[in-house]
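> Sharing a sequence plus its predicted fold:
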Amino acid sequence: MLIENEPYYKTIGNEIEVFEHAFKNKLPFLLKGPTGTGKSRFVEHMAWRMKKPLITVACHEETSATDLLGRYIIKGTETVWKDGPLTKAVKEGAIIYLDEIAEARPDVIVAVHPLTDFRRSLYLDKLGEEILAHVDFMFVASFNPGYQKGFKELKPSTRQRFISMSFDYPNAKMEAEIIVAETGVDEADAKRLVQIGNKIRNLTEMGLAETVSTRLLVDAGKLIHTGLGKRLAVEVAIVEPLTDDQDSLAALKDMTSLMI
Ligand code: ADP
């Protein structure tokens, strides 16, 4: 899909330049970092900037090579082959974005190997066919290097096939700017939301599985902008999504209600 309108993306460092060079050199690109740090938005922005179609696949535990490559489907009385999203991207010269690639089944990694090296080819075993990637095809994936339990790892042999960049929470000034641009709240509210985010991010002793992402702060900003009470907005957009533990919830609510 070609993206018509510019997706808002606040540049954090030299990621745009690196991405463009990765594309020129036909090198696959891996975005590392926790959820909600702007990885998907960055890829959308780059696809728009480079005027290339983007095909995104959100990988999960059940995502298999067949889902990406394609399968035979029954159409009336016939069985016909239907290309999967990866095959489509390889043929059409799109950017494929496999979000959370490590979550997918192991056969996905096996299938994409020849695409991520000099061969730039895809083998469709069900058709016994090898296809060479279109000159504009680019392989992009994201990966959450979960230092917490429950996240899957990527093997070093796979990781070394990618140009990689880390994404993290932006500094306070940039994060407030993103919240203002994304939600329309005033700067003072945006700054307060960032302060709340940073305060919770520093509470490492709480053992939260995931901490406050820019996404959660943006969501709180949206609710405030449409007129929901600020404390309630912070509670439902930031605190409640983080934990189900009653004591932690109470502590976080107390703390944040004093800050907004
Ligand atoms: P990820 O793919 O890392 O999970 P997203 O790209 O979906 O995260 O970002 C979540 C939200 O955070 C976006 O919808 C956007 O509102 C906001 N966001 C985070 N970082 C940026 C950024 N650098 N520029 C613009 N928006 C951002």
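Alright, I've got the coordinates. Computed from a prediction, not measured in an experiment: that's the story for all the values here.

> Relative to the ligand, which residue of the stretch 1-150 of the chain is the closest?
Gly38 (2.5 Å; Cβ to the nearest ligand atom). Where you see a C-beta, it was placed from the backbone N, CA and C, and this is true even at glycine.

> Name the residues of this structure found near the ligand, please.
8-10, 12, 35-41, 178, 182, 214-215, 218 (Cβ under 6 Å from any ligand atom).

> what about the strands in the protein?
Along the chain, counting by DSSP state E, strands occupy 29-32, 54-58, 70-75, 78-83, 95-99, 121-124, 129-132, 138-143, 163-166.

> Show me what the fourth one is packed up against.
It stands for strand 78-83. Secondary-structure packing of strand 78-83 (3 or more Cβ pairs under 8 Å, 6 or more residues apart in numbering; DSSP states H and E): strand 70-75.

> Could you list the paired strands of the strand it packs on along with their orientation?
When pairs are called by DSSP bridges, strand 70-75 turns out to pair with strand 78-83 (antiparallel).

> buried residues in the partner strand?
Under the neighbour-count criterion of 16 or more other Cβ atoms under 10 Å, strand 78-83 has Asp83 buried.

> start the count at 676, not 1, going forward
In the new count, where the first residue is 676, that last one comes out as strand 753-758.

> on that earlier part again, want to throw the strands of the chain into a markdown table with mean pLDDT and distance to Met721?
Formatted as a markdown table, the strands of the chain follow (pLDDT from 0 to 100; distance: least, Cβ to Cβ, whole Å):
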| stretch | mean pLDDT | distance to Met721 |
| --- | --- | --- |
| strand 704-707 | 96 | 9 |
| strand 729-733 | 98 | 8 |
| strand 745-750 | 94 | 26 |
| strand 753-758 | 95 | 24 |
| strand 770-774 | 98 | 7 |
| strand 796-799 | 95 | 22 |
| strand 804-807 | 96 | 23 |
| strand 813-818 | 96 | 8 |
| strand 838-841 | 96 | 12 |
